[in-house]
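S.K.: pasting the sequence and the predicted model now:
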Amino acid sequence: MDWRETAVVPKGAGPDPAAVDSIASALPAGQHVLLACQTTRFEWNVWVARMATVVVTNQALIVAKGRMFGRPKPDRVIPLSEITATGVGPLRGAGPTWEVTFRGQSTAMGTIYFDGPAQAQEAKRALEDAVSGALAEAADPDFAQVNRSFAAGRARPPGDAGKTLTPAQVTDESRRMRQQIAAGDLRSVWDRRLQLGYNVSFDGVPQVDRFWFEAAPAISALRLGLKDHPMAPACCGMAEQEQDRSDPEQRAAVEEINKRFFG
């Protein structure tokens, strides 16, 4: 799953994208990034990292020190299940530096430092939401899945550019998306389908173009790891509904969609 689709990135505390890419690419299956930022200083008990990349996933808080050479890698991984409390406020009550604090098991304490209140408050909310989500996941996985879908939809709401398309324009859009997915341009397919939204009329559109209008973005979303976005299952369902089972390419596309969606 692309962290740019799922992560809160506090303004003024954005991380090096390459560092987050490196961390995100090594995440275990089922983990996705909810917060990505750069902190002026990170403390975990007696361990300290300056200008560190901080990534919070749905299961852990990950810290990577800045490195002159080589790929960033996690230096500390703290399971969210171990975080029992969070807080935010100005350093020593005065600032201008602000700190996000969190308590781990036993007497473990962590502090994340930011240049100002806006970044700290946004990071604290994201960390708190992640911890709450991890607890919900453990208690009720189905309910947690619903919450992830809502969150993904809020992060990238679909547009409505497709509601005024003519049949010829829908056909052109479908054929363009089919060419893009064949070329591996998954991001363009998914972004365009989001812009077009749900209210697209298929009246007068040939069957093959109705099918690929939904199948191409469905496959793109699943290959990109964006299954949680509510438009992804909608496209998957419509592709299966529009499928011509006598067409081997369409059958193969639906088989991939089902395999990637259901496992």
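M.R.: Okay, I see it. Numbers count the residues shown, from 1 in each chain.
S.K.: I'd say residue 81 and residue 133 touch.
M.R.: No - using CB atoms under 8 Å, residue 81 makes no contact with residue 133, being 11.4 Å away. All C-beta atoms are positioned from the backbone trio N, CA, C, and that covers glycine.
S.K.: between these two, which has more neighbouring residues?
M.R.: For residue 81 versus residue 133, neighbours defined as other CB atoms under 10 Å are more numerous around residue 133 (18 against 14).
S.K.: and the helix or strand hosting that one, how far from the chain's centre?
M.R.: Element membership of residue 133, judged by DSSP states H and E, is helix 117-139. Taking CA atoms, centre = their mean, to the nearest Å, one finds helix 117-139 lying 15 Å from the centre of the chain it belongs to.
S.K.: that one - contacts with which helices or strands?
M.R.: Judged by 3 or more CB pairs under 8 Å, 6 or more residues apart in numbering; DSSP states H and E, helix 117-139 is in contact with strand 33-44, strand 47-57, strand 85-90, strand 98-103, strand 109-114, helix 141-155.
S.K.: helix/strand/coil for the nearest residue to residue 135 once chain neighbours are set aside?
M.R.: Spatial nearest neighbour of residue 135, excluding adjacent residues (CB to CB, 6 or more residues apart in numbering): residue 81 at 7.7 Å. With DSSP: H, G, I helix; E, B strand; the rest coil as the basis, residue 81 sits in helix.
S.K.: contacting residues for the nearest residue to residue 41 once chain neighbours are set aside?
M.R.: Beyond its immediate neighbours in the sequence, the residue positioned closest to residue 41 (CB to CB, 6+ apart) is residue 113, lying 4.2 Å away. Applying CB atoms under 8 Å, 6 or more residues apart in numbering, one finds that residue 113 lies in contact with 39, 40, 41, 42, 43, 91, 97, 98, 99.
S.K.: and for residue 58?
M.R.: Contacts for residue 58 (CB under 8 Å, 6+ apart) come out as 30, 31, 32, 34, 80, 130, 133, 134, 137, 148.
S.K.: ditto for residue 18
M.R.: In this structure, residue 18 makes contact with residue 72, judged by CB under 8 Å, 6+ apart.
S.K.: how near is it to residue 164?
M.R.: Separation of residue 18 from residue 164 (CB to CB, to the nearest Å): 40 Å.
S.K.: tell me how this structure divides into domains.
M.R.: Taking automatic domain parsing as the domain assignment, the ranges for the chain are 3-155, 161-262.
S.K.: just give me the lowest mean pLDDT stretch among those.
M.R.: Note on the domains of the chain: lowest mean pLDDT is at domain 3-155, with a mean of 86.
S.K.: between the two ends of stretch 225-236, how far is it?
M.R.: Stretch 225-236 has its terminal residues 14 Å apart, counting by CA to CA, to the nearest Å.
S.K.: try stretch 198-213
M.R.: Taking CA to CA, the first and last residues of stretch 198-213 lie 12 Å apart.
S.K.: go through that stretch and flag the buried ones.
M.R.: Judged by neighbour count (16 or more other CB atoms under 10 Å), stretch 198-213 contains these buried residues: 200, 202, 205, 208, 209, 210, 211, 212, 213.
S.K.: next, give phi and psi for the nearest residue to residue 75 once chain neighbours are set aside.
M.R.: Take residue 75 and drop its neighbours on the chain: the residue closest to it by CB to CB, 6+ apart is residue 65, 5.2 Å away. Here is the backbone geometry of residue 65 (degrees, to the nearest 10): phi -70, psi 150.
S.K.: what's the answer for residue 202, then?
M.R.: Dihedral angles of residue 202 (phi, psi; degrees, to the nearest 10) stand at phi -100, psi 10.
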